[in-house]
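A.B. asks: here are the coordinates; sequence isn't available:
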């Protein structure tokens, strides 16, 4: 029997992170009609907004949608309520990663982390490293690489050499940003009402 | 009169899109623009930082802007990569909020005064050079080549950040190609997403998006698509070889950087333009 996990604090946490008020959404679905990936996913932007309002953790985090969002900003541009919906999708990705809500087999989530680690390590993103680590982690991806990779290499489109940025400055900025962010999180958790999350039997409705 | 701009190439222009870097630099030289690369620049955080650590995502571009303002003492930076441009504009926009600015200052190590204009590739030609000045420098005009100007997502969206006049139907790139003798076509997918951020993980979706965009460009009479983003270029150009494998009747269409079109028109040589770097041949339309 399916359970439905709700957290009345989801919309508040999203707001604390990105400054957007999800409750302003009145379901006109302009975000969804302009979304390039809505038709490929199990949820669409307006459904995510409703689920955030209702604190439906499972609906938000078990679906594919937030990880398919390309960040094209069409929803943000068209929302008649002026909600930065793309920023909310980003915040949901941040929360999912922090709280361990990334569904298994979500290549886009893994790719974002590889990308992040690459520029944190070298000061700049190193494409060759990204591809290599992706193939090591996800051997099935080698098929898509073999189709396009060699053609790009022949054209000299892939630069194998690493060019570093200012790695010391990068390291310092990453450490400070992560320290400030986790301090803010602790502050936010301390201010929130205790034991706000509970599980309820939803009789297969989730 | 020669103008000087700081220059932030970004990771793509040093990687898969070296021809974008080379053609941009060469076109700037021909247009009397001096580009000074920001010394020891770091990544702008790209698509990853803003979905992993919001504060870092704001601080990384602001750190580069502080260098331009306080170390290089310049008032404008050219950021030809549309993805980097978006991060720079968003960073500058977000530090207008005082609380965010205080956190960003702590991360960067100094305060950014807000004195740097961030210019994308189109802005450089349209505003820093100017359309009249550009037209006056054209030595090899195109003979009415029909071009679909593709802006993609981040050059105009979100308008609260980019301050684009018409985010759904922009025209500045159309003005630039007109100034060099091309004929911009009126088409429907100027600002639709090509899905480049999913290119490594969701190829099926990306092929659909690319097919739709390019089919419209062709249906509206374009002989080539002009782009101002390295991710759009790699995606719209590269995916066509895959689409061809699925659909043998696919008619390819060249996908050309705006800097290559402008460069050719102001007399930059073929080698610097990187004409041989594309998967769909562009030499015929650039001849």
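C.D. replies: Structure's in. What do you need? These figures come from a predicted structure and were not determined experimentally.
A.B. asks: number of nearby residues for residue A:116?
C.D. replies: Summarising burial for residue A:116: neighbours were counted as other CB atoms under 10 Å in any protein chain shown, giving 23. The C-beta positions use only the backbone N, C-alpha and C, and glycine is treated the same way.
A.B. asks: and if you look at the one 10 residues further on?
C.D. replies: When counting by other CB under 10 Å, one arrives at 25 neighbours for residue A:126.
A.B. asks: Quick one: residues contacting it.
C.D. replies: With contacts defined as CB atoms under 8 Å, 6 or more residues apart in numbering or on different chains, the neighbours of residue A:126 are A:118, A:162, B:11, B:15.
A.B. asks: looking at the residues you listed, which has the most residues close by?
C.D. replies: Tallying neighbours with other CB under 10 Å puts residue B:11 at the head of the contacts of residue A:126, with 29 neighbours.
A.B. asks: So the closest residue to that one other than its chain neighbours: helix, strand or coil?
C.D. replies: Distances taken as CB to CB, 6 or more residues apart in numbering or on different chains place residue A:125 nearest to residue B:11, at 4.2 Å, with adjacent residues excluded. Recorded secondary structure, residue A:125: coil (DSSP: H, G, I helix; E, B strand; the rest coil).
A.B. asks: what about residue A:125, distance to residue A:188?
C.D. replies: According to CB to CB, to the nearest Å, residue A:125 and residue A:188 sit 30 Å apart.
A.B. asks: which of those two has more neighbours?
C.D. replies: More neighbours sit around residue A:125 than around the other of residue A:125 and residue A:188, counting by other CB under 10 Å; the figures are 27 against 14.
A.B. asks: In this structure the more buried one contacts residue B:14, no?
C.D. replies: No - under the criterion of CB atoms under 8 Å, residue A:125 makes no contact with residue B:14, lying 9.6 Å away.
A.B. asks: element containing the nearest residue to residue B:210 once chain neighbours are set aside?
C.D. replies: Take residue B:210 and drop its neighbours on the chain: the residue closest to it by CB to CB, 6+ apart is residue B:239, 4.5 Å away. Per DSSP states H and E, residue B:239 falls inside helix B:230-246.
A.B. asks: List the strands paired with the helix or strand following that helix, with their directions.
C.D. replies: Proceeding C-terminally, helix B:230-246 gives way to strand B:255-257 as the next helix or strand, assigned by DSSP H and E. If you go by DSSP bridges, strand B:255-257 pairs up with strand B:224-227 (parallel).
A.B. asks: so what's the nearest residue to residue B:146 once chain neighbours are set aside up against?
C.D. replies: Excluding the flanking residues, the one nearest residue B:146 by CB to CB, 6+ apart is residue B:223, at 4.7 Å. Listed by CB under 8 Å, 6+ apart, the contact set of residue B:223 reads B:145, B:146, B:147, B:253, B:254, B:285.
A.B. asks: out of these, which is most surrounded?
C.D. replies: Comparing these on neighbour count, residue B:147 comes out first with 27 neighbours (neighbours: other CB under 10 Å).
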